[in-house]
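> I'd like to go over a predicted model; first the sequence, then the structure.
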Amino acid sequence: MKALVTGGGGFLGLAIVRRLLKSGMVVRSFSRQNHPALRELGVEQCQGDLAETQAVASAVAGCEIVFHVAAKPGIWGPCEDYHRTNVTGTENVVSACRRHAVSRLVYTSSPSVVFDDKDMEGVDESVPYPSHFEAHYPQTKALAEQHVLHANDSQLATVALRPHLIWGPGDNHLLPRLAARAQAGQLRRIGRQRKLIDTIYVENAAEAHLLAAERLTHGSPVAGKVYFISQGEPREVWEIINLLLQAAGAPPVQRAIPKRLALLLAWGFETLHRVTRNQREPRLTRFVVRELCTAHWFNISAARRDLGYLPRVTIAEGLLRLEGHLREECSSSL
């Protein structure tokens, strides 16, 4: 059986690829560039843009299942860029699945699609989409998620997963940015309230995707549904940030600023970037401030029941693995 993983060279995508290979499947990856790690694994690589209909269709051809992991992340930039990749790209993936009679599609979504600037404490999948979005990423991911779920029918079975704050060895996005800012003394706690958040270790996230694929068939209980997946161990936001920084050998965040001041600074950074047409992400945005000042932890009982999901790697074990991986990386670079 052959599987296509869009974004197979990325953080989560690569973890899914490795698990698929371990299970005996033939794997193809679709992404913008060629990835040495995939080449070493013997994975067939197709290069292209998700917004290019024919490129996506060619990558899907001959596959029995698609894991659509690729997306444009971040919280800054033109809306059309996010829409092109996250919405148009997903529409192309669904269309290609139908064109080539692919029967199963597993989509990687995000809990941010339901974030409404308020605390989310133990919420389940019944929580509605908000009427307003603070950033283009969650808005376009929400549109893409809805398209995937509505596409579920007797020919194409679909399911969407919402992993929250993926971390672990191979992270090329979250931890490197946190560590760099911590080393530069640019990180501050925002507010004094202790808000709990969920996270997920990358191997647990990858396993959840394979579990969803195994149970996804036409008319099955998981078809057309969305699932929150996490460690099931909510922690205080600055506690988990400092644990990740510790694993990376970076200093902890200790100094704090009030939430109102942080929002004012974020507004200033955003305004400056708009006036100067700076395409780089500001040092702070109002979306990030609100994310850091609200609770985000989820009821994952549906994933446990329907997918058989169990976060096998605990936070403590994951941190040990992360620290060991980073030490090996540091030693090999010397």
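Happy to help now that I have it.

> rest of the way, CA atoms for contacts and neighbours
Will do.

> following the host helix or strand of residue 12, which helix or strand shows up next?
Using DSSP states H and E, residue 12 maps to helix 11-22. Next helix or strand after helix 11-22 toward the C-terminus (DSSP H and E): strand 26-31.

> which of the residues in the helix or strand just after that following strand are buried?
As assigned by DSSP H and E, the chain's next helix or strand after strand 26-31 is helix 36-41. The neighbour-count check on helix 36-41 (16 or more other C-alpha atoms under 10 Å) flags residue 38 as buried.

> coming back round to it: pLDDT (mean, whole number) over the helix holding residue 12?
What helix 11-22 shows for mean pLDDT is 96.

> CA-only coordinates of that helix in CSV, if you can.
This file holds the C-alpha atoms of helix 11-22, laid out as CSV (Å, rounded to 0.1, in the frame of the first residue of the first chain):
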residue,chain,number,x,y,z
PHE,A,11,8.4,18.2,11.8
LEU,A,12,5.2,16.2,12.2
GLY,A,13,5.2,15.0,8.6
LEU,A,14,8.6,13.3,9.0
ALA,A,15,7.5,11.6,12.2
ILE,A,16,4.4,10.2,10.3
VAL,A,17,6.6,9.1,7.4
ARG,A,18,8.9,7.1,9.7
ARG,A,19,5.9,5.4,11.3
LEU,A,20,4.4,4.5,8.0
LEU,A,21,7.7,3.0,6.8
LYS,A,22,8.0,1.1,10.0
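
> ok, now which ones touch residue 72?
The contact partners of residue 72, taken as C-alpha atoms under 8 Å, 6 or more residues apart in numbering, are 82, 85, 86, 137.

> and with 10 Å instead?
Residue 72 sits next to 81, 82, 83, 84, 85, 86, 87, 89, 136, 137, 140, 141 when contact means C-alpha atoms under 10 Å, 6 or more residues apart in numbering.

> over to residue 46: give its phi and psi.
phi -110, psi 130 (degrees, to the nearest 10).

> how near is the spatially closest residue to it that is not a sequence neighbour to residue 103?
Leaving aside its chain neighbours, residue 46 sits nearest to residue 30 (4.8 Å; criterion: C-alpha to C-alpha, 6 or more residues apart in numbering). Distance of residue 30 to residue 103, computed by C-alpha to C-alpha, to the nearest Å: 18 Å.

> these two: which is more packed in?
residue 30 (27 against 21; other C-alpha atoms under 10 Å).

> tell me the contacts of that one?
Contacts for residue 30 (C-alpha under 10 Å, 6+ apart) come out as 4-9, 44-50, 55-56, 58-60, 68-70.

> now those: which count as buried?
Using 16+ other C-alpha under 10 Å, the buried members of these are 4-9, 45-50, 55-56, 59-60, 68-70.
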